[in-house]
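Enquirer: Based on what follows, work out the 3D shape:
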Amino acid sequence: MTQRPILPGFHPDPSICRVGDEYYLATSSFEYFPGVPIFRSRDLVEWTQLGNVLDRPSQLNVRAGLTGASGGIYAPTLRHQGGRFWMTTTNIHDIARGQLIVHSDDPAGPWSEPVYTEGLLGIDPDLSWDDDGVCRLTWSDVIRPGISQAVVDPATGAVLSEPQTVWAGTGGAHAEGPHLVRRGDWWYLLVAEGGTGPGHMVTIARSRQPEGPFEPSPTNPILTHRSTSADVQSTGHADLVQLADGTWAMVFLGTRPRGTFPRWHTNGRETFLAGVDWVDDWPVVDESRFDVAELDTAFDDRFESAALDARWIAPGVMPASFAVPGEGGVTLSRGASGEARPLVTRVRDETWSARADALGDFALSVRIDDAHRVSIERIGDELVVRGVIGPLDGVLARADAPRSAYSLEIRAEEFEAERGARRGPDLVRLGYATDEFVELAQVDGRYLATEVAGGFTGRVVGVEATRDDVVVTRFAYRGLSSRA
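Expert: Numbers count the residues shown, from 1 in each chain. Here you go, the predicted model:
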């Protein structure tokens, strides 16, 4: 049974392709800039981030604040065709323009300016090519319920045929996330159903023609953890890839809820891996095929490079517009109206610590969105712990800053409670560190979980200036332990 993700942390809606002996994978990014992180691997288990596909304002329209939360970029599809990489996705803020398509000869970028498939309204687009080079876009339609398809020119976005409904799924809610994959003489239409929550599942249908008609598998759903006690839940939204040795694998999303009933997941929807066998030309998923070891997610960034590492993102705004690396660290500024601009990275572990040093007044915070966040702030000679949970915004603790050198620190640790007591997914502890960590306040992690905050993202942790021209000299992150 699946235990560990190959991409831990907020990395949902994975799409994968292979070029020679190398594999490439992209995930959705919602309101965060840059968008659509892209990764490379040679074994499907260990992945290196190459960059982000949408890294310029001309490619990516996202919004800050609660109006932008869980907007922006929905599920992408990544494919390689004709010597080029192609990526298509939905920007929910530009949904009236149709589906977004970009291409690049190098997956590390730069990627092209986007084109749009005008009139093809919906989410989760997929690209596929037949032997004649005809390109089809398949997506979850908002006009005609179910999965629709049309012939397109991916270089221009031109729609070359009338949209047709090709499959409505098996009857589960929200047929979405389609991927059309060829194997031999069969075309397989992989679909997510049940909603991206506890009822999530993967279903599949096949046809001799890419446009259908499609017959559903007699064993649908081919993957689901609904109504089970598995540690990993909400499994679905999958993509298939043929390995270099001819075998097959599947990537899919899942969550790792913790705590007592009803349990909470904190790091968003993560990317998992399974093997695939074929029986009577139908896929059979083997979740025990791959041995996914615990990953070393630690990093210690002194911001010495000319550009920010690809891990750094920001909600609703390009990081380079307010975070400038240079000699001695990264200089952070606030918006024209004084609004905060957090520079953040995805939390990738169930228990972890993050520590930051800076010159000037700044905050170290963990957040899901503007209404669900906690921070430890340095304001002059005072340290302030602040929490925002929905409409509640309050100071949780105050203390004089130590006279010796110190760092701001946040730790997420296992929830300690008496046997039988209700407990959240973890405890978020905020304070500072000299030789040892000194806690000033703690927060039940359920208030920084998707089940409370809502939306499609997960926790991020990072820094922000509380006054202009703050220089962050160091940010260190590490996982503390693992349950699995």
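
Enquirer: shaky segments in the chain?
Expert: Low-confidence segments of the chain (pLDDT under 70): 1-2, 338, 419-420, 482-484.

Enquirer: Where is the longest strand in it?
Expert: The residue-count maximum for a strand in the chain (DSSP state E) belongs to strand 470-481.

Enquirer: So what are the sheet partners of that one and their directions?
Expert: strand 299-301 (antiparallel), strand 329-332 (antiparallel), strand 351-359 (antiparallel) (DSSP bridges).

Enquirer: Of all the residues in it, which ones are buried?
Expert: When burial is assessed from 16 or more other Cβ atoms under 10 Å, strand 470-481 yields the following buried residues: 470-472, 475-477, 479. Where C-beta positions appear, they are placed from N, C-alpha and C, glycine not excepted.

Enquirer: which one of the residues you listed sits closest to residue 290?
Expert: For the buried residues of strand 470-481, the closest approach to residue 290 (Cβ to Cβ) belongs to residue 479, at 20.3 Å.

Enquirer: That closest one and residue 232, how far apart?
Expert: Going from residue 479 to residue 232 by Cβ to Cβ, to the nearest Å gives 18 Å.

Enquirer: quick one: contacts for residue 120?
Expert: By Cβ atoms under 8 Å, 6 or more residues apart in numbering, residue 120 lies in contact with 98-99, 137, 139, 148, 150, 152, 159, 163.

Enquirer: Where strands are concerned, which of those count?
Expert: When the contacts of residue 120 are checked against strands (DSSP E), the matches are 99, 137, 139, 148, 150, 152.

Enquirer: Spatially, which two of those residues are the most separated?
Expert: Checking the ones in strands among the contacts of residue 120 with Cβ to Cβ, the most distant pair is 148 and 152, at 11.9 Å.

Enquirer: Just give me the neighbour total for residue 227.
Expert: Residues lying near residue 227 (other Cβ atoms under 10 Å) number 8.

Enquirer: again, but for residue 366
Expert: For residue 366, using other Cβ under 10 Å, the count is 25.

Enquirer: Am I right that it falls within a helix?
Expert: No: counting by DSSP: H, G, I helix; E, B strand; the rest coil, residue 366 is not found in a helix; it is strand.

Enquirer: Could you pull up the residues touching it?
Expert: 347, 354, 373-375, 410, 412, 428, 448, 459-461.

Enquirer: Run through the bridge partners of the residue lying closest to it once chain neighbours are set aside.
Expert: Computed as Cβ to Cβ, 6 or more residues apart in numbering, the closest residue to residue 366 that is not its neighbour in sequence is residue 461, at 4.6 Å. In this entry, residue 461 is beta-bridged to residue 345, residue 366, by DSSP bridges.

Enquirer: Pull out the buried positions in stretch 37-45.
Expert: By neighbour count with 16+ other Cβ under 10 Å, stretch 37-45 contains the buried residues 37-41, 44.

Enquirer: quick revisit: of the buried residues of strand 470-481, closest to residue 193?
Expert: residue 479 (33.2 Å).

Enquirer: Checking the closest residue to the closest one other than its chain neighbours next. Helix, strand or coil?
Expert: Sequence neighbours aside, residue 349 is the residue nearest to residue 479 in space, at 3.4 Å (criterion: Cβ to Cβ, 6+ apart). Here residue 349 is coil, with the state taken from three-state DSSP.

Enquirer: count of neighbours near residue 349?
Expert: For residue 349, using other Cβ under 10 Å, the count is 20.

Enquirer: which residues touch it?
Expert: So residue 349 contacts 8-9, 267, 297, 412, 479-480, 482 (Cβ under 8 Å, 6+ apart).

Enquirer: just to revisit the earlier point, quick one: which of the buried residues of stretch 37-45 is nearest to residue 110?
Expert: Nearest member of these to residue 110, counting by Cβ to Cβ, is residue 38, at 12.2 Å.

Enquirer: in which helix or strand would I find the residue in the chain sticking out farthest from the centre?
Expert: Here the chain reaches farthest from its C-alpha mean at residue 403, the gap being 39.9 Å by Cα atoms, centre = their mean. Following DSSP states H and E, there is no helix or strand that holds residue 403.

Enquirer: Check the gap between it and residue 379 for me.
Expert: Distance from residue 403 to residue 379, by Cβ to Cβ: 16 Å.

Enquirer: likewise residue 238?
Expert: Counting by Cβ to Cβ, the gap from residue 238 to residue 379 is 47 Å.

Enquirer: More neighbours: those two, which one.
Expert: The residue with more neighbours, out of residue 238 and residue 379, is residue 238; 29 against 14, by other Cβ under 10 Å.

Enquirer: wait, doesn't the more buried one sit right on residue 189?
Expert: No: Residue 238 is beyond contact range of residue 189, at 11.9 Å (criterion: Cβ atoms under 8 Å).

Enquirer: what is in contact with those two at once?
Expert: residue 179.

Enquirer: partners of residue 137 in the sheet?
Expert: residue 127, residue 150.

Enquirer: still on that earlier bit, does the residue nearest to residue 366 touch residue 343 like I think?
Expert: No: using Cβ under 8 Å, residue 461 is not in contact with residue 343, being 10.3 Å away.

Enquirer: Now do the contacts for residue 318.
Expert: Going by Cβ under 8 Å, 6+ apart, the list of residues near residue 318 reads 33-34, 56-57.

Enquirer: Selecting buried members of those residues in ChimeraX, what would you type?
Expert: To isolate the buried members of the contacts of residue 318 in ChimeraX, using 16+ other Cβ under 10 Å:
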select :33,34
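
Enquirer: Identify, from the contacts of residue 318, the entry nearest to residue 285.
Expert: Closest approach to residue 285 among the contacts of residue 318 (Cβ to Cβ): residue 34, at 32.3 Å.

Enquirer: Can you pull the phi/psi pair for the closest one?
Expert: With angles defined as degrees, to the nearest 10, residue 34 sits at phi -70, psi 170.

Enquirer: what residues are up against it?
Expert: So residue 34 contacts 51-55, 60, 310, 313, 318-319 (Cβ under 8 Å, 6+ apart).

Enquirer: at 6 Å instead, please
Expert: In this structure, residue 34 makes contact with 52, 54-55, judged by Cβ atoms under 6 Å, 6 or more residues apart in numbering.

Enquirer: now do residue 70
Expert: Taking Cβ under 6 Å, 6+ apart, we find residue 70 in contact with 30, 455-457.

Enquirer: Quick check: of those, which has the highest neighbour count?
Expert: Neighbour-wise, the contacts of residue 70 (other Cβ under 10 Å) top out at residue 457, 26 neighbours.

Enquirer: my guess is the residue nearest to residue 366 contacts residue 353, does it?
Expert: No: the pair residue 461 and residue 353 fails to qualify as a contact (Cβ atoms under 6 Å) at a distance of 9.6 Å.

Enquirer: can you map out the strands along the stretch 201-350 of the chain?
Expert: 201-207, 215-216, 223-224, 233-242, 248-255, 270-279, 282-286, 299-301, 314-315, 323-326, 329-332, 343-346 (DSSP state E, counting those that start in this stretch).
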